[in-house]
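Q: Pasting the sequence and the predicted model now:
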Protein chains: 2
Amino acid sequence: MAYTGKVLRVNLSTGKAETEALNDKWAKEYLGGKGLSIKYLYEELEPGIDPLSEKNKLVLMTGPITGTIVPNSGKLAVAAKSPATGTILDCSIGGHFAPQLKYAGYDAVIIEGKSNIPVYLFIDDDRVELRSAADMWGKGAHETEHMISDRLGEVVTMAIGQAGENLLPMSCISTELYRQAGRGGIGAVMGSKNLKAVSVRGSKGLKAPDIRKLSAALNKIKKEDTLTEDNMWAYSDGTPMIVDLSQQTGILPTRNFQEGTFDEFEKVNSEAVKAVTKAKKACFACPLACGKYVETGTTRVEGPEYETIALCSSNCGISDLEAVLEFNRLCDDYCLDTISAGNTIAFAMEMTEKGIHDFGIRFGDVEKFLQMPELMSNKEGVGADLSQGVSYLADKYGGKEFAMQVKKLEIPGYEARGSWSMGLAYGTADRGACHLRAWPAAVEAFGDIDPFTIEGKAELVIDMQNDNSVKFSAIFCDFWALSTERMAEILSLILEREVTAEELTTIGDRVYCLARLFNEREGFTRKDDGLPERIHKDELTTGATKGKLLPKDEYDKMLSEYYKIRGWDEDGKVTADKKAALNL
Amino acid sequence: MAYTGKVLRVNLSTGKAETEALNDKWAKEYLGGKGLSIKYLYEELEPGIDPLSEKNKLVLMTGPITGTIVPNSGKLAVAAKSPATGTILDCSIGGHFAPQLKYAGYDAVIIEGKSNIPVYLFIDDDRVELRSAADMWGKGAHETEHMISDRLGEVVTMAIGQAGENLLPMSCISTELYRQAGRGGIGAVMGSKNLKAVSVRGSKGLKAPDIRKLSAALNKIKKEDTLTEDNMWAYSDGTPMIVDLSQQTGILPTRNFQEGTFDEFEKVNSEAVKAVTKAKKACFACPLACGKYVETGTTRVEGPEYETIALCSSNCGISDLEAVLEFNRLCDDYCLDTISAGNTIAFAMEMTEKGIHDFGIRFGDVEKFLQMPELMSNKEGVGADLSQGVSYLADKYGGKEFAMQVKKLEIPGYEARGSWSMGLAYGTADRGACHLRAWPAAVEAFGDIDPFTIEGKAELVIDMQNDNSVKFSAIFCDFWALSTERMAEILSLILEREVTAEELTTIGDRVYCLARLFNEREGFTRKDDGLPERIHKDELTTGATKGKLLPKDEYDKMLSEYYKIRGWDEDGKVTADKKAALNL
């Protein structure tokens, strides 16, 4: 058993930190990470609560493989009710926090209540303390991490910047400066609790079963199953590699999703990023090292990831790489989700250019663009509006049909009109428009499957969602293209019982359906699974997707098929039979 | 200048810790310690506030000599509005906290507001942090100190026990296990703020002027002015030495001040304590080492001090030294002021024996006596009533005429009927009945002056109050019998300007009058300077004080004379002329 069997529960209202046994039954049914954190939240959160109230809880959850010698086992699930969407929200964050937490003796931390003063939580094995963070409040995540390291020495810290303090629905949590739990306003959950940071140092061992057998099996899998840097097609140069793929296939969001190609893509693609890359950085136990540390005359930052380039470069009409890097650095420091930030700024640019509302910023306006992270994070000037995301802007000023969001979460970097299954993935993602629940663009736009048909797409998306649910629960990094069978093989050794691929698929399904049930309880139904009108009505005008749409009736058919295969009713509700089958 | 020039201000409501310049003008007028802390409180506290509300402030104040090579310079003033009396309250605490605070770079700490969770404050030079103390809440001061040392290593800690948490008006603050800021419920001020402890570590230097000159002067003074252990008459064996003196002169409070002698005094006097003393302990820079570490079969404790013996042994009719030691240890751990606790228990014993109200405890009942610290600190059973002190008990159950208190503060260990000036000292002490504002028993009952006349007593008490105000402001330990001229000599070297004895006397007068003005603002007048009826009406029946009273008319005459010499009006109010003379 690679669980520690202990959960640390910290109540910020009372200051009490107590340990309790990990719920074994739930751990078996949900593994860990995404699944298990959702289970805890489903059971513990009162329905209908304000995500920014003290009734929300923040769960930091490891998985059974976390901290073991299994490669790519460094990620942590960070979950809560989402301030952006009101749905369940689980994020994934890399680096070294998760293994340190496990070495400190905990599978998970559940943070409840609200402090009346800014604090940070320090977990040092059995010693758990809240400490005042008053002098860090108002500072960026980068300075905060440095301040804490100066005080505590070798610790791993997750922190929020001003965006989280100011409760932005697009605020993220940052660790090791450049890794983020990015979406759905998870940073604002910390902000609402007056929790500036969580630092951990673990010095305990972790019991791993039969290390020789595990080691031999892993060596075999690594050889056979592409876990070498050279073979990881998309990540050998990091995610910027995807810029060329998206450009070629016409799914690179450009000027607020008005086009699917960007003329100046070569200024911001993988080659361009490589030219300023100075070093690589890896998470715990990772041979890929997908993190790229870049330096230009003006900026030093780890990144940018593809999503940042797609949303903040092409989608904002910004081709100046240095500006994108600096924007990336500012967002990391203030703790803004670059997907939501870039998407929202692009919306404001289109609104301004169309004369619907003047936000004072236009496509390609580098100077204004670079002012946005600060203005948004501090809710100053035009930033006060923009900080609230596209859905808020559309409600207030119009333009709803091209507010590119699902369930109020801004759409990431893949044009659904050029990858219809991505549309379905966005519509059915548990936390709102997301590319990490399923990323079918990989096999459709970038692979052999026809992007412009709904044929087989529901099943494809479901398989990927279930598979990813297992990955994010176990927790394997999603950049390791590992089959369900392989995961079963590894988990059998770690959990010391036979784990089959079928069991894992069921777990993936269970996790996904539980997330759905959480949202259902909050009032979400089929109507919330729709896409913005632009995807159905505005033809793309350039490149491989010229003239393309994802017609609404096709989308609706695909969605119905999806529900049917899932065992959900026509309104998207999980049926009683399905619940029974999954023991929900 | 031996000031650091910096004040640390910590707001527990916001978590902010900020430094500000020490008010130089005030420092000149009030020196430091008692005087300067009262000045800050007088200026900053809104009149009429509840002492247990977040509007009260806790001031930790060093003096100009604190942390220098001047002997006996280890004490700290701890001040606030008193929860017991509603008056100004300054306490003095020994050990090593004060010099550490100075070495951390601060003359003072002002603690404001209220935390919503239990916290402790850690001052580590420039780094100032609030940390959760949730796991310490409900624990004694001793375990709290140990827990903090385990975490922080070499620090000096002031902490509260359960009595402070439960807001007892007789709760104290403890440091180094056995040193207390004892009176007036100063521990409850910390408790009301959810502040469990303050820890400090200082590693900075302290600028002291012309060290050779200072050193030479101090060597000369030490030789001429009795600062050797042998010559310190009362303290060579620690304060238990006073038991014999009080017994001989008939001023040892016995059975709730019904008698002035205790038949079994030899079981608890200095010789008896010496027999179980294992070691001595000194505060910072102190050659006296008045702290006695005693061990018996059942108890280990530093103490008992004379006051503890007088109030908890003779005054409760308890002659079992081991019981007194254990009671002392319990009080130190729970953080009960032994003077108020012993006095209150004695009152309950008399009430029970007289049949006025049955508190279930009688004089000499060791078993019940030893249950009291826990019951009172946790407000359980009969302890709930007793925890509130004699004034509360008398209001609720009667017996006001022998509730031995002034301004609701329980009278310490000297019988005023056998030392009339002690009566005046109690009546005019700024924080209620106190022997540390002036201790004229030393020259009257224990010296050459006739105890049973009011002749010259007002002047005697005023001189001592002024002198002690200087000592507690500079801060010299009051156990160093140093003349005002000597203090002026030392302070001239430390402050690098000519300080005269006259200036110091004026400062002492100013400090004392400012304290009076604070109380005046809170509604205190002459009527509050009265003594309990027993002192005026019940003749003592044994020993040297047999048949003695302090007649009310004599007391009133003495009080009027006191006011007149002080420059206060007949109602005890500081006159406009006096205020002008003192620049108040």
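A: Right, received. Where do you want to start? All values reported here derive from a predicted model rather than from experimental measurement.
Q: Identify the residue of the stretch 201-350 of chain A closest to chain B, quick one.
A: Nearest residue of the stretch 201-350 of chain A to chain B: residue A:201, at 13.2 Å (Cβ to the nearest Cβ). All C-beta atoms are positioned from the backbone trio N, CA, C, and that covers glycine.
Q: Which residue is the nearest non-sequential neighbour of that residue?
A: Nearest residue to residue A:201, sequence neighbours excluded (Cβ to Cβ, 6 or more residues apart in numbering or on different chains): residue A:155, at 4.6 Å.
Q: next one: residue A:257
A: residue A:404 (5.0 Å).
Q: ok, now residue A:110?
A: Leaving aside its chain neighbours, residue A:110 sits nearest to residue A:9 (4.8 Å; criterion: Cβ to Cβ, 6+ apart).
Q: Name the residues of the host helix or strand of the one you found that are buried.
A: Residue A:9 belongs to strand A:6-11 when assigned by DSSP states H and E. Neighbour counts using 16 or more other Cβ atoms under 10 Å in any protein chain shown place A:7-11 of strand A:6-11 among the buried residues.
Q: and residue A:80, helix, strand or coil?
A: Put simply, residue A:80 is strand when judged by DSSP: H, G, I helix; E, B strand; the rest coil.
Q: For the stretch 51-200 of chain A, which residue gets nearest to chain B?
A: residue A:117 (3.0 Å).
Q: Pop the domain breakdown of chain A in here.
A: Structural domains annotated on chain A: A:6-201, A:238-404, A:415-531+A:551-584, as defined by automatic domain parsing.
Q: Which residue, other than its chain neighbours, is closest to residue A:440?
A: Excluding the flanking residues, the one nearest residue A:440 by Cβ to Cβ, 6+ apart is residue A:421, at 3.8 Å.
Q: same deal with residue A:375?
A: Excluding the flanking residues, the one nearest residue A:375 by Cβ to Cβ, 6+ apart is residue A:383, at 2.8 Å.
Q: Could I get the full set of helices for the stretch 151-300 of chain A?
A: A:162-165, A:186-192, A:211-224, A:242-249, A:270-276 (DSSP state H, counting those that start in this stretch).
Q: before we move on, the earlier item: give me the distance between the strand holding residue A:9 and the centre of its chain.
A: On the basis of Cα atoms, centre = their mean, to the nearest Å, strand A:6-11 sits 24 Å off its chain's mean C-alpha point.
Q: who does it pair up with?
A: strand A:16-21 (antiparallel), strand A:108-112 (parallel) (DSSP bridges).
Q: Adding mean neighbour count, write those strands out as a markdown table.
A: Converted to a markdown table, the strands paired with strand A:6-11 look like this (neighbours: other Cβ atoms under 10 Å in any protein chain shown):
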| stretch | mean neighbour count |
| --- | --- |
| strand A:16-21 | 15 |
| strand A:108-112 | 23 |
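Q: got those as a markdown table, with mean pLDDT columns?
A: Shown next, in a markdown table, are the strands paired with strand A:6-11 (pLDDT from 0 to 100):
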| stretch | mean pLDDT |
| --- | --- |
| strand A:16-21 | 96 |
| strand A:108-112 | 98 |
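Q: Rebuild those strands as a markdown table, extending it with distance to residue A:220.
A: Compiled in a markdown table, those are given as follows (distance: least, Cβ to Cβ, whole Å):
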| stretch | distance to residue A:220 |
| --- | --- |
| strand A:16-21 | 35 |
| strand A:108-112 | 31 |
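Q: Compare the ones you listed and give me the one nearest residue B:183.
A: Ranking those by proximity to residue B:183 (Cβ to Cβ) places strand A:16-21 first, at 31.9 Å.
Q: Residues contacting the helix or strand just after the closest one, please?
A: As assigned by DSSP H and E, the chain's next helix or strand after strand A:16-21 is helix A:24-30. By Cβ atoms under 8 Å, 6 or more residues apart in numbering or on different chains, the residues outside helix A:24-30 that reach it are A:3, A:5, A:35-36, A:38-40, A:64, A:107, A:473, A:507, A:510-511, A:514, A:583.
Q: Buried ones among those residues?
A: Applying 16+ other Cβ under 10 Å to the contacts of helix A:24-30, the neighbour count classes A:3, A:35-36, A:38-40, A:64, A:107, A:473, A:507, A:510-511, A:514 as buried.
Q: Please consider this matter closed, and thank you.
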